[in-house]
Structure formats: C-alpha cells, structure tokens
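Novice: output the structure for:
(chains A and B)
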Protein chains: 2
Amino acid sequence: MEDWSSEELARLRGIYEPLAESVRDLVDATIRTEADPQIVAEVTRDIGSAVARLRSRQIEGSFGVRHTTAGESVGWGNAVIGMRNALAPPVVTRRDESGTVRADFTLGAAYEGPPGHVHGGVSAMILDHLLGEAATADRTPRFTGSITVRYLRATRLGPLRAEAVHTRTEGVKTFCTGHIADDDGVTVEAEGVFITPRWLRD
Amino acid sequence: MEDWSSEELARLRGIYEPLAESVRDLVDATIRTEADPQIVAEVTRDIGSAVARLRSRQIEGSFGVRHTTAGESVGWGNAVIGMRNALAPPVVTRRDESGTVRADFTLGAAYEGPPGHVHGGVSAMILDHLLGEAATADRTPRFTGSITVRYLRATRLGPLRAEAVHTRTEGVKTFCTGHIADDDGVTVEAEGVFITPRWLRD
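Specialist: Predicted coordinates:
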C-alpha cells in the first residue's frame, strides 16, 4: 500500500468523517429510541441496505495502520482513537513538549456501566491507550506489560479529560501514570509498565 | 418505570435486537468500506434520516438498568454486555453453579489496536466487566476498587473466550481473577479487588 500525501489524507477525511459521525449518532439513537416498532423495522431495513452499499467494495480484514508521506501513522480503525471507528468516541490526543499526553472527550449513553455513569472498563480502555501513547513518546515501540487501574469514585457520563505521563525507564521497562478527571477532580487513576521488544534491546 | 414481564421483554428484544445487529454491521462496514465517495455520501444522508426517525421519540439520557418482574436486571445499554448497544460485541456471560463467569465472543475490525490484533484497552474493558460479575455472583453490590491487567502476548482479532472467578473475600474486599484466551491459550490475565459499599457493611 502506498503512503498517503497530506492532500490525500484530507480528501479521505472529508469522505469518511461525516459517515462515522452519523454512525456514532445512530449508535446512541439505537440505545435510546422509543419510536414505534414499525419505524424501528423500517430503519433496520434501511441500515441493511446501507451496509450492503458500503460493502460493495471494502478492504479485507481490519483497517490496520496506514502511513503518510510525512511519516504520520493513521489508525482510523483504532478502537479508542479511530476516526472511522464509531466505537471510538474518538479520543483525540495531543502531546506537549514535556511528553504529557492529554485528551478531552465526551462519553454518552453508549459508554454506560452503572446507570448514568461510565463503565469502569471504558475508563480502563481509554487509560490503557493514553498510557501507551505516553510510553512511546520517543517513537520507540513498546508493548504493554501490565496496567493497574484504581477507581476513586464513579465517573458520570458527560465531558471528561484524561492525561498520561512517562515517569521513568529502568532497563527494558518504561513506567507511565495517568488519570481521568471530571470538573470535580480525578475519578480514575492508572499506572502501566511497558516493555521494549527483544529485537530493539541492543 | 414499571417492571417488564418476560413476555414484554421478549417482545422488546424482537424489536430492538435486529436493529442493534444491523448497526454493529454498519460500524464494521464504516471502517472497511472503499465504496465510491458518492455512495458514501448517500449512505451518510440515509443514516442521518434513520437517526432522525429513531429520535422522534427517545428516552432522556442513558438507558440505565431496567428490571423484570422475575427480578432480572436488563442492562441493554451497557458498553460491554448491552444488547441494544452496538459498541458492545455484545459479550454474553453465563455463570455456572461454582460462580465461574464465562463468555465466548468474536472481536472484529472495530476492536483493533495493533494491526490485526485486539486493542489492549478492549481486553481490559471486557475483563473489568467479567471480574465485576464474578465479584457480585452473590448479588451483593460491590464497587471495583482496582484491577490489574497483564498482557502475556498479543491477542488476534477473531473468536475468543474469557473467564472470571471469585477467589476470596477478606472483610470488605473481594478478590477475583480472570483471563482472555484464544485457541492457543491465555493471552491476557487480570485480577481485581472489589469493595463492599459502606451502607452494606453492617
């Protein structure tokens, strides 16, 4: 597969981002609808037709990671940050000069565990991703060895922010910490150990 | 809100399950499609119309948990097990007499992290849920205190199984362990500590 220029990347984003946004909306509406059974049946049929049209030409397997000519990675299928993946909020991360990774995002009805609150597993998933980004800020690939997530209190559905930072490296182990917070402060904390792959150790 | 009889539950499942299944399909197709931009634009418009029809009547906020007259909990909006939540595979759990919680499920393109493999955060999310079910097998509510997830090797996208079991209770703390496995064995392990809420301690 050829690398994408930044123009090509922008063109593709223009095609697929509105689609993925409308599917995110649909996921939410599918959970919350109380429309008449007949309307639900019609919508179900229409979505079947939409799927058939999209599948008229599609990649085999999963999206994987594509690259741009500028050296960027494009993980549009990723479960946490994937722009084309309606399961992903998506979490849009940014990294400052110090290597701290931050994200602001909103979790709605589709991320629920306890009534009105974020599923603890969703918090773990997002923190796993952010810690992984903090661990590879130097662009060295590292695998997650383990992650520990501590729940301080329940996280309400709504606007949230998350942060992760690299704390230290000891030999092949890199340590990171992070948290999720709402307007009243931190709700979930995490720490992770990331391992340098064997083929990169010398 | 009134409780649902088992007839009502079956009737509602008949309405919403086909819708959610078609939306799961659509999420996958949205990641993988290479259809002409014109087709994608038409589909985007059609989905917008589907959303409007579903939202013509909808619950406020999230789904929460409903109950049946038989005392079952119905978490159809849940991010891991929710039948009406297209983000959930869904994981369908079953519990044997010994209290072990098991689930078989298939993770496709929407659950990707590293190319061709399950996002580590998705594994953490599923294990968090299963351990939580194992911790509350006696129907006593318990909150997740912390969970540690250890990645033994990468988990390929495809058919998987997971298991969780209660190991011991010490005062207000209940301990559980679990894992995810593919045909070649365990890929991810987890252990969690669950806390009895203060109002239930005496």
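Novice: pretty sure residue A:51 contacts residue B:27?
Specialist: No - checked against C-beta atoms under 8 Å, the pair residue A:51 and residue B:27 is beyond contact range at 9.7 Å. Just so you know, the C-beta spots here come from the backbone N, C-alpha and C atoms, and that holds for glycine as well.
Novice: of the two, which one has the most company?
Specialist: residue B:27 (24 against 20; other C-beta atoms under 10 Å in any protein chain shown).
Novice: run through chain A and note the low-pLDDT ranges.
Specialist: Along chain A, the parts satisfying pLDDT under 70 run over A:1, A:202.
Novice: most centrally placed residue in it?
Specialist: residue A:80 (1.3 Å; C-alpha atoms, centre = their mean).
Novice: which residue is the nearest non-sequential neighbour of that one?
Specialist: Distance criterion C-beta to C-beta, 6 or more residues apart in numbering or on different chains; nearest residue to residue A:80, sequence neighbours excluded, is residue A:129 at 4.1 Å.
Novice: the host helix or strand of the one you found packs against which elements?
Specialist: Using DSSP states H and E, residue A:129 sits within helix A:120-135. If you count contacts as 3 or more C-beta pairs under 8 Å, 6 or more residues apart in numbering or on different chains; DSSP states H and E, helix A:120-135 packs onto strand A:93-95, strand A:101-107, strand A:143-151, strand A:158-170, strand A:173-182, strand A:185-195, helix B:120-135, strand B:143-151.
Novice: tell me which of those sits nearest to residue B:91.
Specialist: Residue B:91 lies closest, by C-beta to C-beta, to one member of the helices and strands packed on helix A:120-135: helix B:120-135, at 6.0 Å.
Novice: tell me how far the closest one lies from the chain's centre.
Specialist: Put simply, helix B:120-135 sits 9 Å off its chain's centre (C-alpha atoms, centre = their mean, to the nearest Å).
Novice: alpha carbons of it, in PDB - could you do that?
Specialist: The C-alpha trace of helix B:120-135 is given here as PDB (Å, rounded to 0.1, in the frame of the first residue of the first chain):
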ATOM      1  CA  GLY B 120      -5.200  -3.900  24.900                       C
ATOM      2  CA  GLY B 121      -7.800  -1.500  26.300                       C
ATOM      3  CA  VAL B 122     -10.600  -3.600  24.900                       C
ATOM      4  CA  SER B 123      -9.200  -6.700  26.700                       C
ATOM      5  CA  ALA B 124      -9.000  -4.600  29.900                       C
ATOM      6  CA  MET B 125     -12.600  -3.500  29.400                       C
ATOM      7  CA  ILE B 126     -14.000  -7.000  28.900                       C
ATOM      8  CA  LEU B 127     -12.000  -8.400  31.800                       C
ATOM      9  CA  ASP B 128     -13.200  -5.500  34.100                       C
ATOM     10  CA  HIS B 129     -16.700  -6.400  33.300                       C
ATOM     11  CA  LEU B 130     -16.300 -10.200  33.800                       C
ATOM     12  CA  LEU B 131     -14.400  -9.800  37.100                       C
ATOM     13  CA  GLY B 132     -17.200  -7.400  38.200                       C
ATOM     14  CA  GLU B 133     -19.800 -10.100  37.500                       C
ATOM     15  CA  ALA B 134     -17.800 -12.700  39.400                       C
ATOM     16  CA  ALA B 135     -17.400 -10.400  42.300                       C
END
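Novice: re the thing from before, surely the residue nearest to the centre of chain A meets residue A:125?
Specialist: Yes - shown here, residue A:80 and residue A:125 form a contact pair, counting by C-beta under 8 Å, at 6.3 Å.
Novice: what about the closest residue to residue A:70 other than its chain neighbours, how many residues nearby?
Specialist: Residue nearest to residue A:70 in three dimensions, not counting chain neighbours: residue A:6, with 6.1 Å by C-beta to C-beta, 6+ apart. For residue A:6, the neighbour count with other C-beta under 10 Å is 11.
Novice: which residues touch residue A:6?
Specialist: Counting by C-beta atoms under 8 Å, 6 or more residues apart in numbering or on different chains, residue A:6 touches A:68, A:69, A:70.
Novice: which residue ranges make up each domain of chain A?
Specialist: A:1-87, A:91-200 (automatic domain parsing).
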